[in-house]
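Trainee: quick one, fold the following:
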Amino acid sequence: MRLVLVGPPGAGKGTQAQFLAAHYSIPHISTGDIMRVNIKQGTALGREVKSYMDRGELVPDTVTNEMVRLRLNEGDLGNGFLLDGFPRNVGQAEVLRAILSEKKSPLDAVLELSIPADEIVKRLSGRRTCRNCGKVWHVAFEPSAVADVCDVCQGELYQREDDKEEVITRRLEVFKEQTSPIVSFYRNEGLLITISASGTVADITERAISALSRVH
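Mentor: Below you'll find the model as predicted:
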């Protein structure tokens, strides 16, 4: 199974990626992980990535594309792969198509996790993080016994800046602007499969595997 996972912040991509990668016995490849590995290993690309990050700049597509190309040439992809966080735009989608075409191993599917914006805001804005141990609670889904106090270490719980409602709303707007063209691109390629990302983690995983059984 050669799969790309797309969906907005808070849709549960990271969680579903782990379950799907395990189910199909394929590596879960995220651009963030590839970058961290390259930086840790001190590769030429890693040093380049670090220089952009140190300046607070976005890593250019050309660098990200090359890291993904090298990763897709490694020897652990016999059963396929799950790409998470790439491609982020149509240009990257076209590069990925060219890489896979050269390897004669095109994508099987692009799985879109769809969820209403108000549900994402509720999911993310309800998170509270412990200043002391880092444990994350949720005011609705996993509240601590005493409000604003961590059950684990009695540290203070706070709301991170990027979990505030206005920040989440802006992140969703940016995601929609950037990702809508990719969704259209893959729909035109006949690769897009959309499922609802509402419900329990187990329900969503079952929904995904059922939908993907059409292509695998």
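Trainee: switch to C-alpha atoms for all contacts and neighbour counts from now on
Mentor: Will do.
Trainee: got the contact list for Ser105?
Mentor: For Ser105, the contact set (CA atoms under 8 Å, 6 or more residues apart in numbering) is empty.
Trainee: for it, which three-state class applies?
Mentor: Of the three states, Ser105 takes coil according to DSSP: H, G, I helix; E, B strand; the rest coil.
Trainee: can you tell me the closest non-neighbouring residue to Phe86?
Mentor: The spatial neighbour of Phe86 that comes closest, neighbours along the chain excluded (CA to CA, 6 or more residues apart in numbering), is Thr31 at 6.5 Å.
Trainee: elements contacting the longest helix belonging to the chain?
Mentor: The single longest helix within the chain, with elements called by DSSP state H, is helix 165-188. Other elements packing on helix 165-188 under the criterion 3 or more CA pairs under 8 Å, 6 or more residues apart in numbering; DSSP states H and E are helix 90-102, helix 117-125.
Trainee: what about the first one, average pLDDT?
Mentor: Read that as helix 90-102. Averaged across helix 90-102, pLDDT comes to 95.
Trainee: how close does the most far-flung residue of the chain relative to its centre sit to Trp137?
Mentor: Here the chain reaches farthest from its C-alpha mean at Val146, the gap being 32.2 Å by CA atoms, centre = their mean. Val146 sits 11 Å away from Trp137, taking CA to CA, to the nearest Å as the criterion.
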